[in-house]
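*Asks:* need coordinates for the below:
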Amino acid sequence: MCTEKEPSMDDDGEMKCETYSIYKPLEFKKPLHKSTTYRKILAQIFLTSAVMMTSASCGMPVGYSAVLLPQLKTANNSMQIDDEMGSWIASVHSAATPFGSLLSGVLMDRIGRKLVLQLASVPLVLGWVLISISENHAILLLGRVIAGLSSGLSAAAGQVLIGESTEPRLRGMLSSGPFASYSFGILLVYALGSLLPWRIVSGLSTILPLLAIFVFLFLPESPVFLSRQNKQEEALKALLWLRGGNVAQAKEESEHLQQRIKIETNSHSERITRSFTRPHVLKPLLIINVFNILQILSGTYLVVFYAVDILSNVNGKIIDYFLAASLTACVRFVFTIIASLLLAFLGRRTIALISGIGSTISALALGIVLHQNCEESQYLVALFILLYVAANTVGFFVLPGVMLGELFPAKVRGHAGGITFMLFNFALFGVAKIFPFVKNLIGIHGVFWIFGASSFLASLFLYLVLPETKGKSLSYIEDYFQQSNFVWSKRDRNWENKIHGKENERLNQA
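*Replies:* All right, here's what the predicted structure looks like:
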């Protein structure tokens, strides 16, 4: 990133500079009054809570298949299903989500992050209504498809809005908040499904998205989006609200955003599509998407989709399968909250390794115990299942969203987020669709061995390439990917010290 001299252009349209500093990293100064600090923290929490409401409403259709399928399999009417139809009902939600994600990437950069989140709740309500009134499989599947579109629209927009609106010291903890509420949505639909018929559950599920539409009316748009739309006064007002009325900090951040956009305009005049070939975009795109594939194969979402089905294949009947599925959802919810707290104290790399190693050990051990087919080991099986869900949740479940909000540069954050969620959900659909076949082919113990091996590969991959972003400003992270390295250990430490050496001290004082 250029400094001291205005950036110039080489023959290929690339920015070239000799010395560092028309641009300086954003300085975060300590507020003068504690009341201001409390107000800005509450403001950022309030915005995050609205996103969490949307995330919880999107978690409900994901967990819904786990309680819907067993009820339909025992039905004595036209809605009865077999394994083939069950796999379609479980996976078609993820088949539709990529198209919503792709549309989200375009809309985010045109109409804003907040408005996309409001619009996303409309098809979700429609999807639930169709499911509740369905009299045949076609209408039910249509409802699942429409709900999947809604999830795709909201997922990236929520993470981007939080990432662009919160301060670095709070960003990690707050960015993981939607995953806690997502887990709560899964838990809520499990609990409702264990007590009520599936039609009533789908009707009650319309409450959260309707409430989310209303709450967003009182919240500001992303200051980054407003600045990029040349709406500087609105961006300043949004920052003033998000920073608890701290005029000095709001002005400083507003000027910083304008400075970044000016340099970006001077140095990168190419189309957004061409930007994806640039290292500072391509590297985070590869990191997040490779991790997403390995995360899916580690079983993070398969256990959500097929919780009851998986538990029914485990020897030893300890408790009712619906109750067992609800227990795994409780563990996921609790450990998502724990992950949110850990992100405020531990680095992203540390959390990734803790989650990966824990998932690897518990999944492989569970596979071994299940392979022995011992009735006496039922409590050991239950313990390993809960350990696996806990370890997988504390890092693998929350990190993709945190990474999406942090790693992509501002210019392509909306498009890149949409593309990332699109690819993620296409992969998730494929894996969820073939899961019943693979389970019947290699057994439930073999499935957990695959989970364990994938968890190990994901841990190794993140250890090699994931940069540490805890407490770093978004501009710092963007500058990091401008370096020539891809492996974290090969980074230019002198560059980091020279350009951003003082940033950590200022952040610690904030």
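*Asks:* residues in contact with the closest residue to residue 73 other than its chain neighbours?
*Replies:* With sequence-adjacent residues excluded and distances taken as Cβ to Cβ, 6 or more residues apart in numbering, residue 73 is closest to residue 81, at 6.0 Å. Where you see a C-beta, it was placed from the backbone N, CA and C, and this is true even at glycine. By Cβ atoms under 8 Å, 6 or more residues apart in numbering, the contact list for residue 81 reads 69, 72-73, 75, 89, 137.
*Asks:* ok, residue 68 next?
*Replies:* Per Cβ under 8 Å, 6+ apart, neighbours of residue 68: 89, 193, 198.
*Asks:* and for the first one, the neighbour number?
*Replies:* One way to gauge burial is a neighbour count; for residue 89, by other Cβ atoms under 10 Å, it gives 20.
*Asks:* can you pull the buried residues of the helix or strand containing it?
*Replies:* Per DSSP states H and E, residue 89 falls inside helix 83-111. Residues of helix 83-111 classed as buried by neighbour count (16 or more other Cβ atoms under 10 Å): 85-105, 107-109.
*Asks:* now do the helices in the stretch 351-500 of the chain.
*Replies:* 378-392, 399-407, 413-465, 474-480, 493-500 (DSSP state H, counting those that start in this stretch).
*Asks:* let me know which of these is the nearest to residue 168.
*Replies:* helix 474-480 (7.9 Å; Cβ to Cβ).
*Asks:* any idea of the mean pLDDT for that closest one?
*Replies:* For helix 474-480, the mean pLDDT works out to 79.
*Asks:* got it, and stretch 64-80?
*Replies:* pLDDT averaged over stretch 64-80 gives 78.
*Asks:* residue 244 should be in a strand, yeah?
*Replies:* No. Counting by DSSP: H, G, I helix; E, B strand; the rest coil, residue 244 falls outside a strand, being coil.
*Asks:* wait, doesn't it sit right on residue 167?
*Replies:* No. Assessed by Cβ atoms under 8 Å, residue 244 is found out of contact with residue 167, at 10.7 Å.
*Asks:* identify the contacts common to those two.
*Replies:* Among the neighbours of residue 244, those also in contact with residue 167 (Cβ under 8 Å, 6+ apart) are residue 40.
*Asks:* on the three-state scheme, the residue nearest to residue 73 is what?
*Replies:* Secondary structure state of residue 81, per three-state DSSP, is coil.
*Asks:* for it, phi and psi?
*Replies:* For residue 81, the backbone dihedrals (degrees, to the nearest 10) come out as phi -130, psi 160.
*Asks:* just to revisit the earlier point, deepest of the helices of the stretch 351-500 of the chain, which one?
*Replies:* Comparing the helices of the stretch 351-500 of the chain by mean neighbour count (mean count of other Cβ atoms under 10 Å), helix 399-407 ranks first with a mean of 26.
*Asks:* to residue 213, which of the helices of the stretch 351-500 of the chain lies closest?
*Replies:* The nearest among these, by Cβ to Cβ, is helix 413-465 at 20.7 Å.
*Asks:* tell me what the closest one is packed against?
*Replies:* Helix 413-465 sits against helix 83-111, helix 137-165, helix 279-297, helix 302-305, helix 307-312, helix 348-372, helix 378-392, helix 399-407, with contacts defined as 3 or more Cβ pairs under 8 Å, 6 or more residues apart in numbering; DSSP states H and E.
*Asks:* weakest of the ones you listed in terms of mean pLDDT?
*Replies:* Between the helices and strands packed on helix 413-465, the lowest average pLDDT goes to helix 307-312, which shows a mean of 62.
*Asks:* contact partners of the helix or strand following that one?
*Replies:* Using DSSP H and E, the helix or strand that directly follows helix 307-312 along the chain is helix 321-342. For helix 321-342, contacts defined as Cβ under 8 Å, 6+ apart pick out 63, 66-67, 70, 173-174, 176-177, 179-180, 182-184, 186-187, 190-191, 193-194, 303-304, 307-308, 311-312, 318-319, 351, 382, 385-386, 389-390, 393-395, 397-398.
*Asks:* now the buried members of those.
*Replies:* Neighbour-count burial (16+ other Cβ under 10 Å) applied to the contacts of helix 321-342 gives 63, 66-67, 70, 173-174, 176-177, 179-180, 182-184, 186-187, 190-191, 193-194, 303-304, 307-308, 311, 351, 382, 385-386, 389-390, 393-395, 397-398.
*Asks:* can you give me how far stretch 100-120 is from the chain middle?
*Replies:* 15 Å (Cα atoms, centre = their mean, to the nearest Å).
*Asks:* isn't residue 288 right up against residue 404?
*Replies:* Yes. Counting by Cβ under 8 Å, residue 288 touches residue 404, with 6.2 Å between them.
*Asks:* what touches both of these two?
*Replies:* Common neighbours of residue 288 and residue 404 (Cβ under 8 Å, 6+ apart) are residue 420.
*Asks:* mean confidence score for whichever helix or strand residue 237 is part of?
*Replies:* When elements are assigned from DSSP H and E, residue 237 belongs to helix 232-242. Helix 232-242 shows a mean pLDDT of 87.
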